[in-house]
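# Give me the fold of what follows.
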Amino acid sequence: MSGTAATVLFIGGAGRSGSTLLESMLGQVPGVVAAGELTHLWDRGMTQDQLCGCGRPFSACPFWRDVLRVASGADPLPSPAALLRLKRRALSVAAWPVRGGARRRYLSVLATLYRAIAEVGGASVVVDSSKYPPEAYLLRGLPAHGLGVRYAHLVREPNAVVFSWQRKRLRPEVHDRTVYMPRYPWWKTTGAWLVYNALFDVLGRGEPGAVLRIRYEDLMDRPGDVLDRVCRHAGLERPDLGFVRGREVVLAPNHTVSGNPSRFRTGSVALTPDTAWRDGAPRWQAGAVNLLTAWQRRAYGYTGPEAGS
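Residues are numbered from 1 along each chain as shown. Purely as a prediction, here's the structure:
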């Protein structure tokens, strides 16, 4: 395949921090293609044939058919099952020190995939909202493959994240049966919030200038300003944000793989912060989350027991 110079913008942070909505908005900017949570491409896309963001089953989406054709080129990609095994070996935290070969092979596959997405999408920036820290660290090697890499570290008030993981939500992308998104206890999602965000803080210190931290609450309140910062961080000097109208955005269909159900929303979307946790979360739970996350909350600008507005 012919190489296409591009930058990968990796959205990182804890799940339920608004990464799908951020990516959907970025995907409206000319020169940017929103690819979704590419970490799930091999299983949810190629194996389970879940719905693409455009509403078609993955196998019926012309965008992804073209991407896989271009990515294969003269050297076909391994089977989805083989790629899934390679991903697990490459990103295994426990085996990280001894899996250098697997990491190099998997990074090469990802680089080929990113170039194909950029080529088919006619884009200079490919957005990957996978969020998983080991994958983010792996992508530091992309420049050796002729690709740039930048990170958007998206943070959200921890109580909002914890409460969101406790709500019952349908997974519309699973179109052949009724499946709900997983739900987790408060202590588990609090721990994930702490660890995931801390790892992106460390990544930012190790890669000066590569990581831009933004807050979900600021994105909801001032979408134009935040999107402009993110686009410039990814190398787009004069991003066209004509789809942003105050605190409302106009979204066209996308071709994202996996993500929050909000990726299927199109048309005019009012940006209303989800603050259901304020009345829905038990007082004792909010107090425990505040206590455990106190230092990081303050570092991210969340002050006081009812922060997040």
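# what ranges do the helices span in this structure?
19-26, 62-72, 80-91, 100-121, 133-138, 158-164, 186-206, 216-221, 223-233, 277-280, 283-292, 294-299 (DSSP state H).
# Return the helix or strand in the protein with minimum mean pLDDT.
helix 277-280 (a mean of 92; mean pLDDT, DSSP states H and E).
# circling back to that earlier point, tabulate the helices of the chain in TSV, adding columns for mean neighbour count.
All C-beta spots, glycine's among them, are computed from the backbone N, C-alpha and C. As requested, these are exported to TSV (neighbours: other CB atoms under 10 Å):
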stretch	mean neighbour count
helix 19-26	26
helix 62-72	17
helix 80-91	17
helix 100-121	20
helix 133-138	20
helix 158-164	26
helix 186-206	18
helix 216-221	19
helix 223-233	19
helix 277-280	14
helix 283-292	16
helix 294-299	14
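# Let me have those in a markdown table, adding distance to Trp42 as columns.
Output for the helices of the chain, formatted as a markdown table (distance: least, CB to CB, whole Å):
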| stretch | distance to Trp42 |
| --- | --- |
| helix 19-26 | 19 |
| helix 62-72 | 11 |
| helix 80-91 | 4 |
| helix 100-121 | 10 |
| helix 133-138 | 13 |
| helix 158-164 | 26 |
| helix 186-206 | 22 |
| helix 216-221 | 28 |
| helix 223-233 | 27 |
| helix 277-280 | 33 |
| helix 283-292 | 34 |
| helix 294-299 | 32 |
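# quick one: which of those is nearest Ala6?
helix 100-121 (3.7 Å; CB to CB).
# any idea of the mean pLDDT in that closest one?
Averaged across helix 100-121, pLDDT comes to 95.
# now what about it, what contacts it?
Contacts with helix 100-121, where a contact means CB atoms under 8 Å, 6 or more residues apart in numbering, come from 1-4, 6, 8, 33, 35, 38, 41, 63, 66-68, 70-71, 77-78, 83, 86-87, 89-91, 123-126, 128, 138-139, 141-142, 145-147, 255.
# can you rerun that using 6 Å?
Applying CB atoms under 6 Å, 6 or more residues apart in numbering, the contact partners of helix 100-121 are 3-4, 6, 8, 33, 35, 66-67, 70-71, 86-87, 89-90, 126, 138, 141, 145, 147.
# And for stretch 29-45?
Outside stretch 29-45, the residues that reach it (CB under 6 Å, 6+ apart) are 23, 26-27, 50, 58, 80, 83-84, 117, 121, 123-130, 132, 135, 231, 236, 239-240, 254, 256-259.
# ok, the residue nearest the centre of the chain - contacts?
Central residue check for the chain by CA atoms, centre = their mean: the C-alpha nearest the mean position is that of Ser129, 1.5 Å away. The contact partners of Ser129, taken as CB under 6 Å, 6+ apart, are Ile11, Ser19, Glu23, Glu37.
# how much space is there between it and Leu38?
Ser129 sits 8 Å away from Leu38, going by CB to CB, to the nearest Å.
# repeat for Arg167
Taken as CB to CB, the span from Arg167 to Leu38 is 25 Å.
# again with Leu227
For Leu227, the distance to Leu38 - CB to CB - is 21 Å.
# Kindly report the same for Val179.
For Val179, the distance to Leu38 - CB to CB - is 21 Å.
# from the contacts of Ser129, which is closest to Glu157?
Out of these, the member with the shortest distance to Glu157 (by CB to CB) is Ser19, at 14.9 Å.
# returning to what we had before: dump the contacts of Ser129 into TSV; add distance to Arg213 and pLDDT as well.
Formatted as TSV, these follow (distance: CB to CB, whole Å; pLDDT from 0 to 100):
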residue	distance to Arg213	pLDDT
Ile11	12	98
Ser19	13	96
Glu23	16	97
Glu37	20	97
